[in-house]
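Q: Attaching a predicted model along with its sequence, questions to come.
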Amino acid sequence: MKKFLCSISSAVFMLSLVSCAAGPYDPAPQILPEHIKKVYVRPITNNTNRYGLEAKFTNAIVDEILRDGRLSLVNSANEADGILTGTIKKYILQPLTYDANMVTEQYKMWIIISVSLVDRENNVTLWTEPNLEGIQIYLDATKGSFGEGMTEEEAREIIWEKLSRDIVKRTIKGFGSVSSASERRVPN
């Protein structure tokens with residue numbers, strides 16, 4: 001038994017030495033091409049049954065680009081070097097907990113979007129995130145005893161802020177900075 005444990009521990013030691021020698025995986029950063037300085041945000045499309053989501057989300061992306069300041073924002077695709085496009089694909093509001101009277105106390109909001117950046121000069125899609133998701137769990141505004149509750153609109157604003165930060169980060173820092181959820185579907 002001692003021989004067996006000794007051989008296992010020496011094998012683990014050898015593997016750890018080999019993995020250290022190779023070093024950690026460190027891919028080269030893929031950043032925004034030099035020629036892209038001006039970006040146009042095409043109005044987001046909304047494929048859900050919730051009215052008005054697209055305008056608030058488009059504004060959140062525009063605000064984040066302006067706040068970041070590394071890219072100029074232009075008013076038309078013809079003036080832009082890069083074009084951001086997006087679609088709100090799903091909007092799910094799921095009750096999580098109920099009180100004794102079966103009134104919802106806590107919700108999970110889940111929004112899935114598809115977004116991409118196109119290099120207008122070369123007519124190439126630089127990146128795409130087909131299932132970028134924003135999730136917010138919150139207490140109903142009427143249930144919070146110390147002001148921790150929020151409305152559905154406030155929860156949506158938090159998601160718009162998170163998603164717009166991710167989109168700007170993905171645009172400027174490039175590959176690997178954000179990854180969308182995998183598509184969940186039954187194979188054909």
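A: Thanks, I have the structure now. Numbering: from 1, shown residues only.
Q: And the lowest mean pLDDT element among the helices and strands of the chain?
A: Across the helices and strands of the chain, mean confidence by mean pLDDT, DSSP states H and E is lowest for helix 2-22: a mean of 56.
Q: Would you map the strands across the protein?
A: For the chain, the strands defined by DSSP state E occupy 38-41, 45-46, 72-73, 82-98, 104-119, 124-139.
Q: May I see those strands organised as TSV, with mean pLDDT, distance to residue 60 and mean neighbour count added?
A: The way it works is simple: take the backbone N, C-alpha and C, and place the C-beta from them, glycine included. Listed next are these as TSV, based on pLDDT from 0 to 100; distance: least, CB to CB, whole Å; neighbours: other CB atoms under 10 Å:
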stretch	mean pLDDT	distance to residue 60	mean neighbour count
strand 38-41	94	10	20
strand 45-46	96	14	18
strand 72-73	92	13	14
strand 82-98	93	11	16
strand 104-119	93	11	19
strand 124-139	91	11	17
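Q: can you redo those as CSV with distance to residue 148?
A: Formatted as CSV, the strands of the chain follow (distance: least, CB to CB, whole Å):
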stretch, distance to residue 148
strand 38-41, 33
strand 45-46, 29
strand 72-73, 35
strand 82-98, 14
strand 104-119, 11
strand 124-139, 6
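Q: I'd like to know which of the ones you listed lies nearest to residue 62.
A: strand 38-41 (5.5 Å; CB to CB).
Q: Now find how far off-centre that closest one is within its chain.
A: In terms of CA atoms, centre = their mean, to the nearest Å, the centre of strand 38-41 is set 19 Å apart from its chain centre.
Q: That strand - contacts with which helices or strands?
A: In terms of contacts (3 or more CB pairs under 8 Å, 6 or more residues apart in numbering; DSSP states H and E), strand 38-41 is packed against helix 53-68, strand 72-73, strand 82-98.
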